[in-house]
Structure formats: C-alpha cells, structure tokens
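Participant: have a look; sequence and predicted model below, questions after that.
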Amino acid sequence: MSNESAPQTSSLLSGLSLVPAPRRWYEGLSQYQNQGVAHVLATVIAVNGSAPRELQSKMIVTLDDCCDTLGGGSLEHDVTITARKLLKGELDTDASNDTKPSKKGRSEKAKAVRRDVVYTKHYPLGAKLAQCCGGSVTVMFECFNVTPPMSLLVFGAGHVAASLMSLLAELPCQVDWVDSRAEMFERYVKRGIDTLDQPVTYQLPAHIRPHIEEDPVDFIRPFIDKSRQYASVNSVNKGTQYFILVMTHDHSLDFELVRAALDLSLEMDADSHEANTDDDDSALQFMPYLGCISSKTKENRFRTRLLQRGYSEQVINKLTMPIGLEIGGKEPMAVAISIVAQVLQLYHQS
C-alpha cells in the first residue's frame with residue numbers, strides 16, 4: 001500500500017477535515033482503519049422474511065458519521081444508536097440479544113472490555129420497529145479502534161529512524177515522520193512516468209506519513225493537543241497512546257524540539273486550568289511520552305542545560321534519555337528494536 005503526501009503539506013497540522021467522507025462501507029473500513037478512528041462495522045447476519053437489505057449487507061458507523069446503508073428507516077436508526085453506544089461503552093453487551101443499559105456498579109474497565117466483544121442484536125421489523133417489511137433481521141456489531149492505536153510523531157529520517165519505520169510498518173499505529181531534508185525521503189519516492197505534475201507518492205504503508213518541513217517544531221502543538229484531548233476523556237486504559245520521538249541529525253534541533261514539547265505541555269495545562277501549575281509533576285500528567293536518542297554524554301548535557309534554563313527536576317524527568325530499553329547493540333536496527341520495545345511496553349501497560 002502506498003502513501004500519498006505532497007511535500008510541505010501536513011495532515012497532522014491540517015487535520016482530517018479535508019479528507020472526503022467515504023460512502024461505501026469498504027471505503028470507510030479502509031479509511032478509518034488507516035486513520036485509527038473508532039468505528040463499528042454493522043453486518044446483517046440473518047434474514048427471515050421480507051427485509052430492507054439482503055444477507056451480509058454492511059455499514060460503518062463512527063461517533064459522528066456513517067457510510068453505506070442497511071436500508072434506512074427505524075432499523076438503520078436503531079443500528080446507528082446502538083453502534084455509538086457501543087463505542088462510548090454505554091451498553092452491557094451480555095449474551096442477551098436485547099439492548100440493556102449498563103448495570104449499576106459495573107466498572108469503567110469492565111465496560112471497555114465488553115466493548116471488544118462481537119455483539120449481535122435481533123430486530124423484528126414489523127412488531128418492534130413498525131416497518132412494512134414485516135420480516136426480521138439480526139445485525140452483528142464489531143468495534144474497532146475503541147482504544148486508539150499508538151500515535152507517534154518522529155523527528156529525523158536518519159539510519160535509526162529508517163530502521164524504526166521498517167518495524168512500525170508491521171504494527172497498528174499512526175506515524176507522522178518529519179524531517180527538513182527532502183533527500184532523506186528520496187529512497188521512498190514512488191517513481192512514475194510523469195512525476196512533475198503529480199503529487200509525490202511514497203512507497204510506505206498508508207499509516208506512515210512523511211512530512212518535509214523546514215520548521216518541525218510546528219508539529220508539536222497539534223500532537224500534544226490530540227494527546228490531551230484523548231487523556232482527558234479516557235480513564236480506562238492507563239497505557240500511553242502518544243509518543244514523541246526525537247532523533248534528528250542536529251543536537252541543537254533535538255534540544256529545541258525537547259524544549260518546545262515541555263513548554264507547550266506546561267502552557268496548555270496552565271491555559272486549561274486542569275492542573276495546579278505550582279506542581280510541575282502534576283501539571284504534566286497528560287503529556288505524551290517524550291524520548292530523545294542520545295549517548296550518556298548528550299543526556300547529561302541536555303539535563304544540565306534544562307536545569308540552567310529553570311526547568312525543575314520533575315519536568316526534566318518527563319524526558320526519556322537515552323530512548324529505548326537497554327537490550328544491547330548499537331546497530332541502527334538494534335536501537336530501533338529497543339525503541340519499539342519501550343513504546344509497546346508503555347502502550348500496553350495497564
């Protein structure tokens with residue numbers, strides 16, 4: 001699968017609003033899977049008598065959109081409501097075919113676990129929904145991306161980053177890969193007969209999006225904002241979903257990116273009044289993972305410079321240097337494996 005992205009254009013900065021909404025269920029499934037958007041695939045798995053759609057008809061439902069149809073009317077209305085309740089964890093998906101509100105005393109974590117099961121619901125069209133068809137259908141609901149996949153913002157396209165992408169290509173995640181040097185992405189450009197008038201197409205999985213950007217710092221604010229939005233509404237999964245990985249060719253740029261991530265996190269906390277800013281450790285509780293590739297000497301230099309600029313020990317401790325688990329090996333792939341291992345460990349922690 002290839003990835004299309006015009007140089008100097010950032011899907012992270014512009015958001016997903018410019019992407020046209022899919023109309024067929026298979027288009028929606030592909031788009032929402034690639035984007036990591038929470039969605040439900042609703043499928044007609046049984047038909048008795050007359051029904052608006054045939055067996056195996058499908059539609060996709062997200063929290064704010066739908067694509068394709070199960071025939072409209074009261075059936076589709078209820079399917080949409082049920083799907084969105086599943087996405088929000090508002091249904092108790094016990095073995096019963098009837099929809100029930102969540103039981104009192106049921107923990108948030110328990111509800112989230114139940115959202116991951118396949119749920120079915122039977123619809124008597126005439127008796128219950130007052131549709132003229134008169135038959136009945138059974139609909140299967142499958143939830144995807146209820147817990148968002150890992151989202152990574154990677155700065156630098158050197159040897160370690162290239163090895164890192166080889167590993168991330170095989171994992172369910174969203175990656176924005178930023179470097180100011182267009183030549184670093186040349187190896188991934190898909191060559192065509194006429195590329196001058198066509199958008200640049202990269203031979204990368206769709207979930208890995210390269211960005212050529214002279215000022216990479218601009219990518220940090222929207223990424224941290226997304227991280228905070230998720231953390232503020234999700235109290236079930238205690239793992240880390242958002243990761244900033246700094247590994248550019250320039251130590252001064254690495255330092256600038258690290259400082260920007262720390263400053264913006266503190267600024268957003270102060271602006272939203274979500275934390276007591278007198279307590280820096282509490283103020284950065286919603287900050288994404290921030291890691292920087294380094295030697296021990298580079299780590300000491302960065303920490304000293306941050307202390308000299310007035311950052312507290314609690315804030316500096318939010319920075320992981322050197323990045324990755326201590327598994328040994330200095331080859332680019334060995335370092336990349338250590339980074340992915342650490343990311344997966346943090347993502348899956350409960």
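Facilitator: Received it, and whenever you're ready, just let me know what you need. Residues are numbered from 1 along each chain as shown.
Participant: pop the domain breakdown of the chain in here.
Facilitator: Domain segmentation of the chain under automatic domain parsing yields 37-144, 150-348.
Participant: now the end-to-end length of the first one.
Facilitator: If I follow you right, that is domain 37-144. In domain 37-144, first residue to last residue: 8 Å (C-alpha to C-alpha, to the nearest Å).
Participant: same check, this time on the longest one
Facilitator: One end of domain 150-348 to the other measures 10 Å (C-alpha to C-alpha).
Participant: on that earlier part again, of the domains of the chain, which is nearest residue 22?
Facilitator: Residue 22 lies closest, by C-beta to C-beta, to one member of the domains of the chain: domain 37-144, at 4.8 Å. From N, CA and C alone the C-beta is placed, and that goes for glycine too.
Participant: the closest one - what's its average pLDDT?
Facilitator: Averaging pLDDT along domain 37-144 yields 77.
Participant: circling back: for the domains of the chain, could you give me TSV that also reports mean neighbour count?
Facilitator: Below are the domains of the chain laid out as TSV (neighbours: other C-beta atoms under 10 Å):
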stretch	mean neighbour count
domain 37-144	17
domain 150-348	17
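Participant: same list (these) but as a markdown table, adding distance to residue 28.
Facilitator: Conversion of those to a markdown table gives the following (distance: least, C-beta to C-beta, whole Å):
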| stretch | distance to residue 28 |
| --- | --- |
| domain 37-144 | 4 |
| domain 150-348 | 14 |
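Participant: who's in contact with residue 265?
Facilitator: 224, 283, 284, 286, 287, 318 (C-beta atoms under 8 Å, 6 or more residues apart in numbering).
Participant: now for the third one: which residues touch it?
Facilitator: Neighbouring residues of residue 284 by C-beta under 8 Å, 6+ apart: 262, 265, 266, 269, 275, 314, 315, 318.
Participant: how does it look with 6 Å?
Facilitator: 265, 318 (C-beta atoms under 6 Å, 6 or more residues apart in numbering).
Participant: and it, how close does it get to residue 264?
Facilitator: 11 Å (C-beta to C-beta, to the nearest Å).
Participant: can you check the last one too?
Facilitator: To residue 264, residue 318 is 12 Å away according to C-beta to C-beta.
Participant: residue 45 belongs to a strand?
Facilitator: Yes - the assignment for residue 45 (DSSP: H, G, I helix; E, B strand; the rest coil) places it in a strand.
Participant: is it true that it touches residue 138?
Facilitator: Yes - the criterion here is C-beta atoms under 6 Å, and residue 45 meets it with residue 138 at 5.4 Å.
Participant: which helix or strand contains residue 27?
Facilitator: helix 25-35 (DSSP states H and E).
Participant: packing partners of that helix?
Facilitator: Applying 3 or more C-beta pairs under 6 Å, 6 or more residues apart in numbering; DSSP states H and E, one finds that helix 25-35 makes contact with strand 58-61.
Participant: report the separation between the closest residue to residue 213 other than its chain neighbours and residue 160.
Facilitator: Distance criterion C-beta to C-beta, 6 or more residues apart in numbering; nearest residue to residue 213, sequence neighbours excluded, is residue 178 at 5.5 Å. When distance is defined by C-beta to C-beta, residue 178 is 15 Å away from residue 160.
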